Every structure is written in structure tokens, then in C-alpha cells.
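**Q** Build me a model:
(one chain, ligands or ions: 2)
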Amino acid sequence: MRRWFPVLALMVVLGAGGSWWLGSSRTQLPEGLERHAGTLAGPPAESGDHQAAVPVPAPASALSDGQGGTDRAPGPPPASSIWREPLTGMEFVWVTGGCFWMGGATAETRWDKDEIPRHKVCLDGFWLGRFEVTRGQFRIFLDRGGYVTDAEREGYAWAYAGKWEQKPGFSWRHPGFAQDENHPVVNVSWHDAKAMAAWLEAESRRPVALPTEAQWEYACRAGTEGVRFWGDPPDSACAFANVADRTAAREFPAWIVHSCADGAVFTAAVGSYTANPWGFHDMLGNVWEWCEDVYQADAYAHHALNNPLMVKGGRERVVRGGSWYSRPESVRCADRDRLREPSRRSHDQGFRLAIER
Ligand SMILES: [Ca+2]
Ligand SMILES: [Ca+2]
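**A** Numbering: from 1, shown residues only. Ligands and ions are numbered 1, 2, ... in the order given. Sure, this is the predicted structure:
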């Protein structure tokens, strides 16, 4: 939420401009676009132990005391609980149900008002994509599903080239930088993501959805209570996440970056970095991820204890996790952001899918 304030200030200063700034802008402001991102690794490794999509019964995990001490943190899902969806090859990891503290961590040195109050949330178990949805997987959906994305229908997407602007001809096919089929699909709207979920639900006959905001944060934290799943220091990011880093600073010298090098300016192939404790890759960084929830700044004052989901309140939709574009303050499990319209799409925006039990 904080990330909007400089944008609003800029609008005031300029005295004109653009309601579009409210939609997809991210607060990094510098130069140039175009060069291909280097990546650290190739396609994600196969899990080697794919199993049928039968949810693995597991005990509810204990809740920590919220003060940094943990009686019994939610344990990692069993190693056997990875399921490979046969049509798309998408891998899902089973997340054992349990309770956690949602919102700004006690170690948080910076947070936004919309991240508080920190509150207890309990979730039923669910499956969540091990990786962000890739271009290759999205292509299968379009080829078989006959769907046209918002960007292709309207002829543009938002892209950063020193500033955020509408780029004619940009879409998931043309993000403005090079991608192979294992890179996360970008320039996809919430509508597009929901359409793929609906298609896969029909094809697989399983309840496919976007993760709720609570599911997303639970999976990002993966039993941890620090600012980031690897701990608090932002500059340890580069082993775990593709973020605004020293690699990107060579392209965009004015950016505020993490003091490390992840090897990528723009997107990296999914799974290029170390997974979090529950086996999810790129929960932080690479691309922002759409959630199911309508964004409400005061959502945490209204969350249900069990399986909260905000479905009313406006057209904004929650996005989580930060991206290749994101400075440290946006690369946190508690950070909440949103795009203005469910039709918005930009080249740092993607998603992963969830399957309810
Ligand atoms: Ca990077
Ligand atoms: Ca991500």
C-alpha cells in the first residue's frame, strides 16, 4: 500500500497524468528496458515422486504464540505430497491445514497499515502450485481453451521503460524481454488467471482456483515467522528470489536494490532459486501473483478465523510477493499490494493456481 503514495505524490506534482498510474505502477522509477534477463538455472527439476491427487491426511498444526516463539510450527508437507497435473504438467504441493499468524511479523521493521492487525487465521488443507504458472502451461490453456487474454483483446499491456506505460502490442506473448517456456507467464490479468483456473477445473474435474490471500501468505511463510521465509535480511534474497538486485541495477542504475546478485534483470525460469521450507519456489520475487481476494485495506479487521476470503469491496484485486522489479520493502510475506482493475496486466504480474481439497 505504501508503494502507492509516491505515485499519488507524483500525480499531484505533475498536475496531470494519468489515472493509469493508479493501476499498474510500481514505485521504482528509472531507465531503459529491453535487455534479456540472464537466468541462474534451467527448467524446474522433476519431483520424481508424483502421486495421485489424493489429499494427504495430516494433523492440524499447532499455532505459535505470536511473539516469535513457536510451540510447534506447521511442519512441511510430506515429501510424497506432490501431484503433477497431467494435462499441463503443473506440479502442486499439498499444504497441510493449520493456523498461523497473518500480517506484519514482529520482526518487521517496515510495514504498511493494511498489514495489521496481525491476527490468527486457520485454513483447511489445499494444494498450491509449486511454481508460478509458466508460459508453456499458459500456452496449453490458450491452445486448448480458446481463450483470448485481456491484453490481446485490448491490444496493450503495462510495461516499465523508465516509467510505467501502456505498450501497444504487449501481451503474454510479447512481454518486452526474452522469455522461454519455463519462465512465468506475465501480462496476464486477474480475469485471465481466473479463466485458466476455470478451464483447468473443467478439464481436471477438481476445484481449481487462485489462492486466497490467506492461503498465499500461509504458504509463503511455510511455518516461519520472520519477514521473509529465509529470515529477516533482505540482502540474503538472491539465493531464494529474483528481485530488484545488483544485476538489475546494471540496467536500471537508479533503482533501489537488494545488495546481492540474482543473475536476472527481468523474469527467471521458475524454480531457479531455492524453495521455501514447504517446497514452493518464487513465492517471493520473479512475478507478482494474483490472489482470489478483492483488495480491502482494512481486510484484517474483518477476516473470519477460518478460511477468510474477501469477495466484496471494489474492483481492486490482491497481488502478493513482489517481482523482479521489487525493492526490499515489497519482498515480504506480509506485504499486500493490489492492481486497480481485474483487467490490469503488466510484465511483472503472473499467478499460481490452487486446488481446494
Ligand atoms: Ca533480479
Ligand atoms: Ca512470485
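**Q** only C-alpha atoms for contact and neighbour calcs from this point on.
**A** Noted.
**Q** Give the bridge partners for Arg317, please.
**A** Beta-bridge partners recorded for Arg317 (DSSP bridges): Val294, Leu339.
**Q** separation between it and Cys291?
**A** According to CA to CA, to the nearest Å, Arg317 and Cys291 sit 7 Å apart.
**Q** burial count for Gly285?
**A** A total of 30 residues lie near Gly285 under the criterion other CA atoms under 10 Å.
**Q** give the contact list for it.
**A** 241-243, 321-324, 326, 331 (CA atoms under 8 Å, 6 or more residues apart in numbering).
**Q** ok, of those residues, which one's closest to Phe138?
**A** Ser323 (18.8 Å; CA to CA).
**Q** That closest one touches Asp348, doesn't it?
**A** Yes - in this structure Ser323 lies within contact range of Asp348 using CA atoms under 8 Å: 6.0 Å.
**Q** Common neighbours of the two, please.
**A** 286-288.
**Q** so which of those residues also contact ligand 2?
**A** When contact is defined as CA under 5 Å from the ion, the shared contacts of Ser323 and Asp348 meet ligand 2 at 286-287.
**Q** okay if I get the shared contacts of Ser323 and Asp348 as JSON lines plus pLDDT?
**A** Output for the shared contacts of Ser323 and Asp348, formatted as JSON lines (pLDDT from 0 to 100):
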{"residue": "Asn286", "pLDDT": "98"}
{"residue": "Val287", "pLDDT": "98"}
{"residue": "Trp288", "pLDDT": "98"}
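**Q** Out of the shared contacts of Ser323 and Asp348, which end up buried?
**A** 286-288 (16 or more other CA atoms under 10 Å).
**Q** now Ala249, what's its secondary structure?
**A** Of the three states, Ala249 takes helix according to DSSP: H, G, I helix; E, B strand; the rest coil.
**Q** Which secondary structure state does the closest residue to it other than its chain neighbours sit in?
**A** Spatial nearest neighbour of Ala249, chain neighbours left out: Trp255 (6.1 Å); criterion: CA to CA, 6 or more residues apart in numbering. Three-state assignment for Trp255 (three-state DSSP): coil.
**Q** any weak-confidence spans in the stretch 1-150 of the chain?
**A** Residue ranges of the stretch 1-150 of the chain with pLDDT under 70: 1-80, 106-110.
**Q** ok, the nearest residue to Glu225 once chain neighbours are set aside - contacts?
**A** Using CA to CA, 6+ apart and skipping the chain neighbours, the partner closest in space to Glu225 is Ala105 (6.2 Å). Ala105 sits next to 118, 225-227, 334 when contact means CA under 8 Å, 6+ apart.
**Q** can you rerun that using 7 Å?
**A** Ala105 makes contact with 225-227, according to CA atoms under 7 Å, 6 or more residues apart in numbering.
**Q** what do you get for Cys220?
**A** So Cys220 contacts 229, 283, 333 (CA under 7 Å, 6+ apart).
**Q** ok, now Leu309?
**A** 212, 293.
**Q** Which strand or helix spans it?
**A** Using DSSP states H and E, Leu309 falls within no helix or strand.
**Q** Can you tell me how far it is from ligand 1?
**A** 31 Å (CA to the ion, to the nearest Å).
**Q** what's the answer for Gly223, then?
**A** Gly223 is 26 Å from ligand 1, by CA to the ion.
**Q** go on, Gln349?
**A** 14 Å.
**Q** show me what contacts that residue?
**A** Per CA under 7 Å, 6+ apart, neighbours of Gln349: 186-188, 287-289.
**Q** For it, give me phi and psi.
**A** phi -120, psi 120 (degrees, to the nearest 10).
**Q** How about it, nearest residue that isn't a chain neighbour?
**A** Looking at Gln349 with CA to CA, 6+ apart, the closest residue is Trp288, at 4.7 Å.
**Q** Report the contact partners of the one you found.
**A** 319-323, 348-351.
**Q** ok, now with 6 Å
**A** If you count contacts by CA atoms under 6 Å, 6 or more residues apart in numbering, Trp288 has them with 320-323, 349-350.
**Q** Having no further points to raise, I will conclude here.
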